[in-house]
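J.: Kindly generate the corresponding structure for this input.
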Amino acid sequence: MIQLQDVDLKLLRVFMTIVKCGGFSAAQAALNAGQSTISEQMNHLETRLGVKLCQRGRSGFRLTEQGVAVHEASQRLFAAVEDFRLDTDVLKQHISGMLNLGIIDSTITDPASPLPKATQRFVSRGHDVHLNVYVGSPAELEERALDGRLHLAIGHFPSHIPGLAYAPLYQEALGLYCGRRHPLFGCQAEGAELLAEVADSRIVVRGFMQQHDLEQLGMSKAAATVDNIEALAILIISGAYLGFLPVHFASQWLKNGEMAQLGSTHLRLMSPFDVITRRGAAPPPILQAFLEDLAACARQGAPG
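T.: So this is what the prediction gives:
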């Protein structure tokens, strides 16, 4: 069994930087070291671990199977190290360190979101904190929160999984939209009449909310699936598909005539946003402080 030493942690950080940059050459600036030095460090790490971590040469940079496993283990290791450092801050009654936050895409235009106001409130307290923000799909956020790479994440999470705590935060309004080149553009039908018209259209759904979206339209099959809101908007603007979009996100295309909302009363949905954290030990001070500010801003209402 390999006994980790300080030099191993330094070498693993070099390895993490190389992977993040996509190769030895690209990592030179980030590491402030020449390629020969970086290559020597990697050779030393591979010797210490007894495995080949990556392939490099004319064919480019690529992780081996063992390299992928070591990279994932390193992410967990440094997340644990950071958690330890955050826990020790309790002793000096000072909140500092790194806060890793995950969010789903395309929420910046939502006036209901308490996140911008909560972030401003948290930072204004003078905490010595470095904030890392990761944008991903709900499944990616849950995975990263579960293995400790994220302290918390905010988004739609229709299927709750063991090991995570889910707390309601706010709701997002959605509507059914079509592009100006779609046959239903300008359609004023509502209720059953509209659903009959929609039945002949191609539907694009959010992968993480697929069944929910189809049920609202009384349909059983989608013609396209996406994992983020921007891709959904692209397909709707094409005029080939109908789909549900956040009202705040669609408003820019509604104003310039590129989209129209269908069934503005009958097909207006409210989707819950939750904040998720890993179950188990008490949250570190940095996370607890941010959660308190987030909850306070959610109670007050985001606008203002």
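
J.: for stretch 47-62, what is the average pLDDT?
T.: The pLDDT scores in stretch 47-62 average 84.

J.: For that stretch, buried residues please.
T.: By 16 or more other Cβ atoms under 10 Å, the buried positions in stretch 47-62 come out as 49, 53-54, 56, 61. Every residue, glycine included, has its C-beta placed from N, CA and C.

J.: Could you list which of the residues you listed belong to strands?
T.: Members of the buried residues of stretch 47-62 lying in strands (criterion: DSSP state E): C54.

J.: Go through stretch 241-252 and flag the buried ones.
T.: Under the neighbour-count criterion of 16+ other Cβ under 10 Å, stretch 241-252 has 241-250 buried.

J.: Of those, which pair is most distant in space?
T.: Of all pairs drawn from the buried residues of stretch 241-252, the greatest distance, 20.2 Å, lies between Y241 and H248 (Cβ to Cβ).

J.: In its sheet, which strands sit next to the helix or strand containing G97, and in what direction?
T.: In this structure, G97 sits in strand 96-103 according to DSSP states H and E. Strands that pair with strand 96-103, judged by DSSP bridges, come out as strand 128-135 (parallel), strand 152-155 (parallel).

J.: looking at those, which one has the lowest mean pLDDT?
T.: strand 128-135 (a mean of 91).

J.: any idea how far D274 is from K52?
T.: Counting by Cβ to Cβ, to the nearest Å, the gap from K52 to D274 is 42 Å.

J.: Now the residue of the chain most remote from its centre: which helix or strand?
T.: Ranked by distance from the centre of the chain (Cα atoms, centre = their mean), the top residue is E193, with 37.5 Å. Assigned by DSSP H and E, E193 belongs to helix 191-198.

J.: Past that helix, which element shows up next along the chain?
T.: Later in the chain than helix 191-198, the nearest helix or strand by DSSP H and E is strand 204-206.

J.: Which neighbouring elements make contact with that following strand?
T.: Contacts defined by 3 or more Cβ pairs under 8 Å, 6 or more residues apart in numbering; DSSP states H and E place strand 204-206 against helix 210-217, strand 224-226, helix 229-237, strand 242-246.

J.: follow-up on the earlier one: just the buried residues of the strand holding G97, please?
T.: 97-103.

J.: With stretch 257-265 instead?
T.: Applying 16+ other Cβ under 10 Å to stretch 257-265 flags 258-263 as buried.

J.: which two from the residues you listed end up farthest apart in space?
T.: E258 and G263, at 18.5 Å, using Cβ to Cβ across the buried residues of stretch 257-265.
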